[in-house]
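Asks: got a predicted structure plus its sequence, pasted below:
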Amino acid sequence: MFKMNVDFLEWNGMDFSIRGWVFHENEGIDQIEIVFESGAIQEKIIPVAKQYREDVGRVFQQENAYVSGFFWKGKLRISAKTQAFLVVAGKGETKKFLLQSLAANMDEVGNEILVRDVAKHISEMPISAGDVDARGAILVFDHLCKGGAAYYIQKRIKAILTLHKTCIVVRCYQVEVQKDIKEDQIRFQLLHYANGKEERYVFDQLEELEPFAAKLRIDEIWVNELMAYPDICKSIKYIVDLSREKKATLRYMVHDFFSVCPSTTLLGQDDRYCQLPKGSDCDSCFLEKSFSKKYNMPSVLQWRDMWKTLLRACDEILVFSEDSKKRMEAVFGVSLPLSLQPHKLEGIKAVRRRCRVKTGITIGILGTLNLAKGKLVIQDMLDIIKNEKRKVRIVLIGYTDAVGWETAYDQVLQVTGSYDQTHLAQYVAKYKIDVFFIPSICPETFSYTTEEAMLMGFPVVSFPIGAPPERLQNYAKGLVLDSMHAREALDRMLVFAERFKKKIGRFYIDV
């Protein structure tokens, strides 16, 4: 079945602009056309298609959704009586959508549209006291990004729904569009779960949530993520005011250090961990990274004062490592209601090993590899391995934003793409991993990947920063490196891996 939406449509008889997304759940799309019909006369234009739409991909979590974008802009000489259609052809199905209907009422394309205009539908929503149980609803503020924070909140929402509670999730995301049509814009998605049903809406301003919130009893407000929210000061004020108005319990989750600095990973001007300096050093970085202009604030001190408004209004602030707790206390003081609650992973079991002789060492890396996650360190290691012809291979069970690596390092690097946590053991078996490396150069607030590797019973190595070291120090197969220099780190890690190889022999994984 096709899923589609038109984000923007302007048609005044001469100028025609359209932007949207369309994809098929089970197959690729061969062609997209915009067809203008007036009697027997027909004219076609071919929009630019298969554009990257991360926002759509995040919602549907399907490969086709990530390349679902299309757009067209230009001048057309067409009659006012002309009808316009979007015609989408897949391998086994062709669909024709009437664009005038979309322009007048963009929330309906048969029954296939994902989201609805909240402003249009809010007054018609049949929400009454009977739709909410006596315990009230939970309102979650989040964003549409992947990673540990998304994994965490999805588990929490699932747990809420098993208790048959009402849950409202507000997510902020950036609509990625072609710049010559319209500037990128921030939008909100609202998911309303009640009585076993799910309704989705989109809106442009956070304040548009008010008519919806007014219809519900809200007992708890969870702030999972506020990155990408426009006018962060205004957003924080709205959340705090709403919690007071509803007399709701307010909780904030420390998945990153956005409250400490807009550089959520705490990487400074030189793209290294800044060590959380105070005074002029922080302000210099704040200006250098253009945060002052972006957020209309002169200093990082004002940024933190703004966040104190939210943090001090919280009934509970969840931190997931002792390291994060100490960093929050160092910046905001010890009076905050910080609650240490490390994540718990389920479904990952220790892997059985059997002896097998094989030369060389295979280093495994889990998850996303970008700048903050140690991409440049890994690149240096790959250069060393390749140039010195070492019997070492790196397998990234995940993905990276690095360009050209699989060609440049094809003999020493394997990138699998995103993985399902429940299939980790199979990946480990396939690629014969010897040791896992956590190369983050920023302070992780927990590190799911560290926990995954430990639960499987593998040797695990990390840099001396953030949450991973506090767990590895008490792990029999853990190593916390002293140096973050690529060569020294690689050499120590290989010696460490060889020690386990001598202890248990070579192995393969039995799954």
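Replies: Yep, that arrived.
Asks: doesn't residue 445 lie inside a helix?
Replies: No: counting by DSSP: H, G, I helix; E, B strand; the rest coil, residue 445 falls outside a helix, being coil.
Asks: leaving out sequence neighbours, find the closest residue to it.
Replies: Ranked by Cβ to Cβ, 6 or more residues apart in numbering and with sequence neighbours excluded, the top spatial neighbour of residue 445 is residue 324, at 4.6 Å. Glycine gets a C-beta too; all of them are placed from N, C-alpha and C.
Asks: by contact count, what packs against the helix or strand that contains the one you found?
Replies: Assigned by DSSP states H and E, residue 324 falls within helix 322-332. Applying 3 or more Cβ pairs under 8 Å, 6 or more residues apart in numbering; DSSP states H and E, one finds that helix 322-332 contacts helix 300-313, strand 316-319, strand 338-340, helix 468-472.
Asks: what's the average pLDDT for it?
Replies: Average pLDDT, helix 322-332: 95.
Asks: just stretch 267-283 next, same as before
Replies: Mean pLDDT, stretch 267-283: 85.
Asks: show me how far that stretch is from its chain's centre.
Replies: Counting by Cα atoms, centre = their mean, to the nearest Å, stretch 267-283 is centred 25 Å from the centre of its parent chain.
Asks: same question for stretch 426-436.
Replies: Mean-position distance between stretch 426-436 and its chain equals 26 Å (Cα atoms, centre = their mean).
Asks: kindly check the end-to-end length of that stretch for me.
Replies: 15 Å (Cα to Cα, to the nearest Å).
Asks: what comes up buried for the helix holding residue 324?
Replies: Using 16 or more other Cβ atoms under 10 Å as the test for burial, helix 322-332 gives 323, 324, 325, 327, 328, 331, 332.
Asks: just to revisit the earlier point, with respect to residue 98, which of the helices and strands packed on helix 322-332 lies nearest?
Replies: Between residue 98 and those, the tightest spacing by Cβ to Cβ is seen for helix 300-313, at 45.8 Å.
Asks: what comes into contact with that closest one?
Replies: Here helix 300-313 makes contact (Cβ atoms under 8 Å, 6 or more residues apart in numbering) with 223, 232-233, 236-237, 239-240, 243-244, 250, 252, 259-262, 282-283, 285-286, 291, 295, 297, 317, 331-332, 336.
Asks: so where do the strands sit in the stretch 1-150 of the chain?
Replies: Here the stretch 1-150 of the chain has its strands, by DSSP state E, counting those that start in this stretch, at 2-11, 15-24, 29-38, 41-45, 48-51, 69-75, 83-90, 94-98, 116-117, 137-143.
Asks: same question for the stretch 351-500 of the chain.
Replies: 352-355, 361-369, 392-400, 413-415, 435-438, 460-462, 478-480.
Asks: how many other residues sit next to residue 413?
Replies: Each residue near residue 413 was counted by other Cβ atoms under 10 Å, and the total is 23.
Asks: which non-adjacent residue is nearest it?
Replies: Of all residues not flanking residue 413 in the chain, residue 394 sits nearest, at 5.3 Å (Cβ to Cβ, 6+ apart).
Asks: contacts only, for that neighbour.
Replies: Neighbour list for residue 394: 362, 363, 364, 365, 378, 381, 382, 385, 412, 413, 414 [criterion: Cβ under 8 Å, 6+ apart].
Asks: between these, which has the most around it?
Replies: That'd be residue 364 among the contacts of residue 394, by other Cβ under 10 Å, with 27 neighbours.
Asks: quick one, phi psi at the closest residue to that one other than its chain neighbours?
Replies: Computed as Cβ to Cβ, 6+ apart, the closest residue to residue 364 that is not its neighbour in sequence is residue 433, at 3.8 Å. Main-chain dihedrals, residue 433, degrees, to the nearest 10: phi -70, psi 140.
Asks: how close does residue 433 get to residue 456?
Replies: To residue 456, residue 433 is 9 Å away according to Cβ to Cβ, to the nearest Å.
Asks: same deal with residue 255?
Replies: 23 Å.
Asks: neighbour count for the two, which is higher?
Replies: The neighbour count for residue 255 versus residue 456, taken as other Cβ under 10 Å, is higher for residue 255 (22 against 19).
Asks: residues contacting the more buried one?
Replies: If you count contacts by Cβ under 8 Å, 6+ apart, then residue 255 has 148, 149, 152, 224, 225, 320, 445 around it.
Asks: what about the fourth one, how many residues nearby?
Replies: Yep, that's residue 224 we're talking about. Residue 224: 21 neighbours (other Cβ under 10 Å).
Asks: just list the residues touching it, thanks.
Replies: Applying Cβ under 8 Å, 6+ apart, we find residue 224 in contact with 140, 141, 142, 149, 152, 153, 253, 255.
Asks: ok, the last one next?
Replies: Residue 445 makes contact with 148, 254, 255, 256, 257, 319, 320, 321, 323, 324, 466, 467, according to Cβ under 8 Å, 6+ apart.
Asks: surely the first one is in contact with residue 446?
Replies: Yes: using Cβ atoms under 8 Å as the test, residue 148 is close enough to residue 446 to be in contact (6.4 Å).
Asks: which residues do these two both contact?
Replies: The contact sets of residue 148 and residue 446 overlap at residue 343 (Cβ under 8 Å, 6+ apart).
Asks: more crowded one of the two?
Replies: residue 446 (24 against 19).
Asks: measure that one to residue 196 for me?
Replies: According to Cβ to Cβ, residue 446 stands 32 Å off from residue 196.
Asks: with residue 233 instead?
Replies: Going from residue 233 to residue 196 by Cβ to Cβ gives 38 Å.
Asks: let me know which of the helices and strands packed on helix 322-332 is tucked in deepest.
Replies: Highest mean neighbour count of the helices and strands packed on helix 322-332: helix 468-472, a mean of 22 (counted as mean count of other Cβ atoms under 10 Å).
Asks: taking the mean pLDDT, what do you get for that one?
Replies: The average of the pLDDT scores along helix 468-472 is 96.
Asks: and stretch 454-461, by the same measure?
Replies: 95.
Asks: what residues sit buried inside that stretch?
Replies: 454, 455, 456, 457, 458, 459, 460, 461.
Asks: can you tell me which residues contact the third one?
Replies: Taking Cβ under 8 Å, 6+ apart as the criterion, residue 456 is in contact with 348, 349, 350, 351, 424, 425, 428.
Asks: can you rerun that using 6 Å?
Replies: By Cβ atoms under 6 Å, 6 or more residues apart in numbering, residue 456 lies in contact with residue 351.
Asks: what's the answer for the first one, then?
Replies: Applying Cβ under 6 Å, 6+ apart to residue 454 gives the contacts 460, 475.
Asks: ok, now the second one?
Replies: Residue 455 sits next to residue 348 when contact means Cβ under 6 Å, 6+ apart.
Asks: residue 233 and residue 196: who's more crowded?
Replies: Comparing residue 233 with residue 196 by other Cβ under 10 Å, the one with more neighbours is residue 233, at 16 against 7.
Asks: okay, and the more buried one sits in which element?
Replies: Residue-wise, residue 233 maps onto helix 232-246 under DSSP H and E.
Asks: contacts for whichever helix or strand comes after that helix, please.
Replies: Next in sequence after helix 232-246, counting helices and strands by DSSP H and E, comes strand 249-253. Contact partners of strand 249-253, identified using Cβ under 6 Å, 6+ apart, comprise 220, 221, 222, 223, 224, 243, 313, 314, 315, 316, 317, 318.
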